[in-house]
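Asker: Here is the input, now give the coordinates:
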Amino acid sequence: MSVLLPMQKTSLFLCCLLGIACSKTTSTTPAPGVQEYIVTPGQTDPAIDSYNNPHYAYYASGRSPKNAVVVFLPGTGAEPKNYRAFVQKAADQGYHTIGLMYPNEPAINQLCASSGDITSHSRARLEIIDGVDRHPGIQVNAANSIINRFVKLIAYLHQAHPEEHWDQYVVNGQPAWEKIIIAGHSQGAGHAGVIGKHYPVKRVIMFSGMDFLNNGQIPDWVNNTTNSDRYYALHHVNDELVPYNGAKAGWITLGMGAPSDASTPPFTTHTFFTTAIPALPLPPHFHNMTAVDVYVPRGKLDAVWDYFLR
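Answerer: Residues are numbered from 1 along each chain as shown. Here you go, the predicted model:
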């Protein structure tokens, strides 16, 4: 698949999303009975020494427990506070939920798309996931990795709230992958996709994200149908950063199947497109509207979000 992502577009995304995070965070309020916990990574492990913006975690009392945790990974330069609506919805349905802060710069497609190396994306992402040195463009150690941040946050939440049974999501010091729904937006979607190829997660949910190489070759993790029945995705047809046709080609290669319209339930497919108008017109609004709180149009994505969380 041949998709181009100019450097200036990625820079625009970073600047706009960071600006929104600072000046237009939503006043998303959890539903009655949904507890919100705001925890900095450094509170959970003193060895975590970068990207210390807070994690957001949620637990709902009085719901039928799913005994599964939804872990959401933000996009490049963003924070969990920018994605509270989706994780709160999941908590209201009985999931334990976490918006996880992690090292989310540089943008992996910007780093790898022009490399001509089909292993570049997966090596870079895996280093961020587990902290093992694989890619010269990434410097993430084990303490700062996604896995360690998740494990230490679970331990922290269990110690603070043992009655909520957070401890079921870590076994022998490692994530209980079969109980984890891993979701993410943009860069976070790519990490979620790679995690689903290497670990037996319950489900993968990708918002506005797909890896590619400018020379038309396919990154190795995309050219891999492992666990494809557990993958789900949503993309806007006018996405400014990851063109829809490129995302669709990636879904087909992954074995996820052809997409359907997110506005017309009931749903039976794994991939979806939307043509809804973003709630905020500041670009890249089409890229962000699938998951970033201030861009999500009220009521337009509820049905497909519920389908992902069923």
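Asker: so where do the strands sit in the chain?
Answerer: Assigned by DSSP state E, the strands in the chain fall at 34-39, 55-60, 69-73, 96-99, 170-171, 174-175, 180-185, 203-207, 231-236, 260-261, 271-274.
Asker: Could you dump those into a markdown table with mean pLDDT and mean neighbour count added?
Answerer: No exception for glycine: its C-beta is placed from N, CA and C like everyone else's. Converted to a markdown table, the strands of the chain look like this (pLDDT from 0 to 100; neighbours: other C-beta atoms under 10 Å):
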| stretch | mean pLDDT | mean neighbour count |
| --- | --- | --- |
| strand 34-39 | 98 | 16 |
| strand 55-60 | 98 | 25 |
| strand 69-73 | 99 | 27 |
| strand 96-99 | 98 | 28 |
| strand 170-171 | 98 | 16 |
| strand 174-175 | 98 | 16 |
| strand 180-185 | 99 | 27 |
| strand 203-207 | 98 | 27 |
| strand 231-236 | 98 | 26 |
| strand 260-261 | 98 | 15 |
| strand 271-274 | 98 | 22 |
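Asker: can you put those in a markdown table and add distance to Asp220?
Answerer: As requested, the strands of the chain are exported to a markdown table (distance: least, C-beta to C-beta, whole Å):
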| stretch | distance to Asp220 |
| --- | --- |
| strand 34-39 | 35 |
| strand 55-60 | 30 |
| strand 69-73 | 20 |
| strand 96-99 | 28 |
| strand 170-171 | 29 |
| strand 174-175 | 23 |
| strand 180-185 | 19 |
| strand 203-207 | 17 |
| strand 231-236 | 16 |
| strand 260-261 | 28 |
| strand 271-274 | 20 |
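Asker: Identify whichever of those strands lies nearest to Pro283.
Answerer: With C-beta to C-beta, the closest approach to Pro283 among the strands of the chain belongs to strand 231-236: 12.0 Å.
Asker: what angle separates that closest one from strand 203-207?
Answerer: Interaxial angle, strand 231-236 versus strand 203-207 (axes from the mean of the first three to the mean of the last three C-alpha atoms, to 10 degrees): 10 degrees.
Asker: for strand 231-236, the distance to its chain's centre please.
Answerer: Taking C-alpha atoms, centre = their mean, to the nearest Å, one finds the center of strand 231-236 at 11 Å from the center of the full chain.
Asker: ok and it relative to strand 180-185, angle-wise?
Answerer: Using the same axes, to 10 degrees, the inter-axis angle of strand 231-236 relative to strand 180-185 is 20 degrees.
Asker: Direction included, what does strand 231-236 pair against?
Answerer: Taking DSSP bridges as the criterion, strand 231-236 sits next to strand 203-207 (parallel), strand 271-274 (parallel) in its sheet.
Asker: what angle separates the longest one from strand 69-73?
Answerer: So the one you mean is strand 203-207. Note on geometry: by the same axes, to 10 degrees, strand 203-207 and strand 69-73 are set 30 degrees apart in direction.
Asker: residues making contact with strand 203-207?
Answerer: Among residues not part of strand 203-207, those counted as contacts by C-beta atoms under 8 Å, 6 or more residues apart in numbering are 181-186, 188-190, 192-193, 195-196, 227, 230-235, 290-291, 308.
Asker: Format the strands paired with strand 231-236 as CSV; extra columns: distance to Phe150.
Answerer: What follows is the strands paired with strand 231-236, written out as CSV (distance: least, C-beta to C-beta, whole Å):
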stretch, distance to Phe150
strand 203-207, 15
strand 271-274, 26
